[in-house]
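Peer 1: any chance you can model this:
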Amino acid sequence: MHLVVCVKAVPSTTEVKMDPRTNTIVRDGRAAVLNPFDATALELALQIKEGVAASGEPCRVTVLSMGIPDTERLLRDCIARGADAGLLLSDRAFAGADTLATTYALGCGVRALGEPVDLILCGKMAVDGDTAQIGPELAGELDIPCVVDVQAVEGPLGAGDGADEGTGDGPICRHGRLRAVRATDAGTELVEVDLPAVITVGKDAARLRMPGIPGVLASSDAPVAVLGADRVGADPARCGLTGSPTQVVRSFVPERADEAEPVRGDAREQAAKLAELIGGMA
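Peer 2: Sure thing, here's the model as predicted:
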């Protein structure tokens, strides 16, 4: 079984720099951390890996990201925690991508792995964007099912049951089913989905394990491929700003006033003063 976890490097602080020309975040990597939702997705993948391995079936976890070269550091950290390999899509052609251009690039990355993928896990959203669009759009790009806001996974069912020889148009092949508990407006729901599939994971579904010393040592020599747009067969017209139908027109930090006016007197006087203040805000 082959699992792919899509991860993103996000700023570790709210004090971020914006490119005045493109209105996109300047990513220099120095203060980047793993997106918390993606960290949960990684832990869930590692738990699935352990469960599948316990049944005697081999299972591998590949972490996939699109970003600047320094993002390789975060991929190696994922490997130190239990992932097996990493693929980084890094190219100036990918810069400034919106969610559609990003999912196109990630789809090219999945295909570039050159082997069957049974399950793709994404964080529910990125804390620097909050769109929650990557997982569903990636499922659309690969034409496979998607389950969003997964809180727990019961485990793959019927590995090989009803398996076929693949779709014939890429390294995505059918391999059993998966049961997952997802959050809804009315509570939670247990769903079963055919594999291959994409799931997006809520932040509270699991807590990412700490890396052990053997994992840290192994991560330095682990395979992490760094590929550009041409190496993954990406169409330049669908990448980066060029391939982004949505763009940020303007970004700014809201002005905040820290002035306070005391309201004194008895209850009647305070109520009258509050009514006056609120009326002045209307």
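
Peer 1: partner strands of the longest strand along the chain and their direction?
Peer 2: The residue-count maximum for a strand in the chain (DSSP state E) belongs to strand 146-157. Using DSSP bridges, strand 146-157 pairs in its sheet with strand 177-184 (antiparallel), strand 197-201 (parallel).

Peer 1: just name the most buried of the ones you listed.
Peer 2: Of the strands paired with strand 146-157, the one with the most neighbours on average (mean count of other Cβ atoms under 10 Å) is strand 197-201, at a mean of 26. (Glycine included, C-beta is placed from N, CA and C.)

Peer 1: hmm, who's touching that strand?
Peer 2: Strand 197-201 is contacted from outside by 37, 40-41, 44, 119-125, 132, 134-136, 138-139, 142, 144-150, 153, 178, 180, 193, using Cβ atoms under 8 Å, 6 or more residues apart in numbering.

Peer 1: which residues touch C146?
Peer 2: G135, P136, L138, A139, G140, A197, V198, I199, T200.

Peer 1: report the two of these separated the most.
Peer 2: Greatest spacing in the contacts of C146, by Cβ to Cβ: G140 and I199 (14.2 Å).

Peer 1: from G86, how far out is V198?
Peer 2: Distance of V198 to G86, given as Cβ to Cβ, to the nearest Å: 19 Å.

Peer 1: quick check: E189 touching V181?
Peer 2: Yes. With contacts counted by Cβ atoms under 8 Å, E189 reaches V181, the gap being 7.2 Å.

Peer 1: R76 - nearest residue in space that isn't next to it in sequence?
Peer 2: Among residues not flanking R76 along the chain, S219 sits closest, at 4.5 Å (Cβ to Cβ, 6 or more residues apart in numbering).

Peer 1: actually, T71.
Peer 2: Leaving aside its chain neighbours, T71 sits nearest to A9 (4.8 Å; criterion: Cβ to Cβ, 6+ apart).
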